[in-house]
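# Take this sequence and fold it.
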Amino acid sequence: MNKLKKVVVRILYRSCSILFPNIHVFSIEDTMKEIIRNKVSVSRFGDGEFKWIYGIFQNSFQDDNEQLRKKLKQVIQKPKKNCLICIPPIFDGINQFTSDAAFFWKKHYIKYFNQWAKLLNTKVKYYNANITRPYMEYKDKSKSKKFFNYWKEIFNNRNLLIVEGVYTRFGVGNDFLRNAASVNRIICPSNNAFQKIDTIEKKIKEEYKKIENPLVLVALGPTATIIAYDLCDKGMQIIDIGHADIEYEWFLKKARTKISIKNKFVNEAGDNVNDFEIIQDPIYNSEIVCVIKQESEK
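I've put the predicted structure just below:
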């Protein structure tokens, strides 16, 4: 990487930081303790959700549309008491990241800090979106095991309802969900899941009523952010779980780059959906209670 470019980015980042409102983001540990203590729901915002709000083009599994933008903006600007709003921990320091991750976030911050400032409110408590990414981006990886153990504590003796894309396969092939009492799955479209959000939310509510001590984990990009917010005030605990399972796989493998994981679609590793097939796993298949498809897939 060009040294001059790194210096320029560092100077611009510091300059933007001086101008930015005083936004504090709770640590990963404090965020997870809040989830454990109060059994709250979680909506997370990363650079992707930010770009969807502002209609900024990104090569993605979810097409941009006005309804999606409005809904994401509502979630971040009108928080609910029992749903944590989690954002990237980049507004009060960035030294915790690896050089590559820090450079990425500095560039993002420099380019979009004015738009972020318009979205955020200094009076709101913001929690850490990297609860689902506690490994790859961090220089100090010694705390990752503790953070994954927090997740296992959250899952402990809960009956999980996992809402995910066709090729997500959250927790399959590892021990991440070992402490759960049971696992059921709602399989959703891998692309443009937001188009089916009404159907997905209806099915979640139906299945939730059937389960004792339930916890819903949703891995559907920006649709998960919205679902957790929509349903949290209906007595449900719903966590936008994102890439937590992939990060756990990387942690187990001691990976230093974003590598592909067998039988799981990892967009950040450059995986191609066309290379994936339905897996013949009797346990996984027995956990599926519903498959929701786009009309074009029927």
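# Can you tell me which residue sits nearest the middle of this protein?
Residue closest to the mean C-alpha point of the chain, counted by C-alpha atoms, centre = their mean, is Gly242 at 2.9 Å.
# Checking it next. Helix, strand or coil?
Secondary structure state of Gly242, per DSSP: H, G, I helix; E, B strand; the rest coil, is coil.
# contacting residues for it?
Counting by C-beta atoms under 8 Å, 6 or more residues apart in numbering, Gly242 makes contact with 44, 46, 132-133, 219, 224. C-beta here means a position set from N, CA and C on the backbone, and glycine is covered the same way.
# ok, which pair from those residues is furthest apart?
In terms of C-beta to C-beta, the contacts of Gly242 reach their longest pairwise distance at Arg133 and Ala224, which sit 14.2 Å apart.
# pLDDT score for the residue of the chain positioned farthest from its centre?
Using C-alpha atoms, centre = their mean, the residue of the chain lying farthest from its centre is Leu4. It sits 33.6 Å away. Per-residue confidence (pLDDT) for Leu4: 80.
# hmm, back to that, dihedrals phi and psi, the residue nearest to the centre of the chain?
Note on Gly242: its backbone torsions stand at phi 50, psi -130 [degrees, to the nearest 10].
# mind checking how far it is from Cys188?
Per C-beta to C-beta, to the nearest Å, Gly242 is found 15 Å from Cys188.
# Now stretch 214-232 - C-alpha only, CSV.
What follows is stretch 214-232, C-alpha atoms only, in CSV (Å, rounded to 0.1, in the frame of the first residue of the first chain):
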residue,chain,number,x,y,z
PRO,A,214,-37.5,-19.3,22.3
LEU,A,215,-34.7,-17.1,20.8
VAL,A,216,-34.9,-16.0,17.1
LEU,A,217,-31.6,-15.6,15.2
VAL,A,218,-31.9,-13.9,11.8
ALA,A,219,-29.2,-13.9,9.2
LEU,A,220,-30.7,-12.1,6.3
GLY,A,221,-28.6,-8.9,5.8
PRO,A,222,-30.7,-5.6,6.1
THR,A,223,-33.9,-7.6,6.4
ALA,A,224,-32.6,-9.1,9.7
THR,A,225,-32.0,-5.5,11.0
ILE,A,226,-35.6,-4.6,10.3
ILE,A,227,-37.2,-7.9,11.5
ALA,A,228,-35.5,-7.6,14.9
TYR,A,229,-36.9,-4.0,15.3
ASP,A,230,-40.4,-4.9,14.0
LEU,A,231,-41.0,-7.8,16.2
CYS,A,232,-39.1,-6.9,19.4
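# Now that stretch: average pLDDT?
Across stretch 214-232, pLDDT averages out at 97.
# ok, now which ones touch the residue nearest to Met236 when sequence neighbours are not counted?
Sequence neighbours aside, Tyr208 is the residue nearest to Met236 in space, at 5.8 Å (criterion: C-beta to C-beta, 6 or more residues apart in numbering). Contacts for Tyr208 were tallied using C-beta under 8 Å, 6+ apart; they are 161, 214, 216, 236.
# Between Arg133 and Ala224, which is the more surrounded one?
Ala224 (27 against 22; other C-beta atoms under 10 Å).
# which residues sit in contact with the more buried one?
By C-beta under 8 Å, 6+ apart, the neighbours of Ala224 are 43-44, 163, 218, 240-242.
# mind checking how far the residue nearest to Met236 is from Leu161?
Taking C-beta to C-beta as the measure, Tyr208 falls 7 Å from Leu161.
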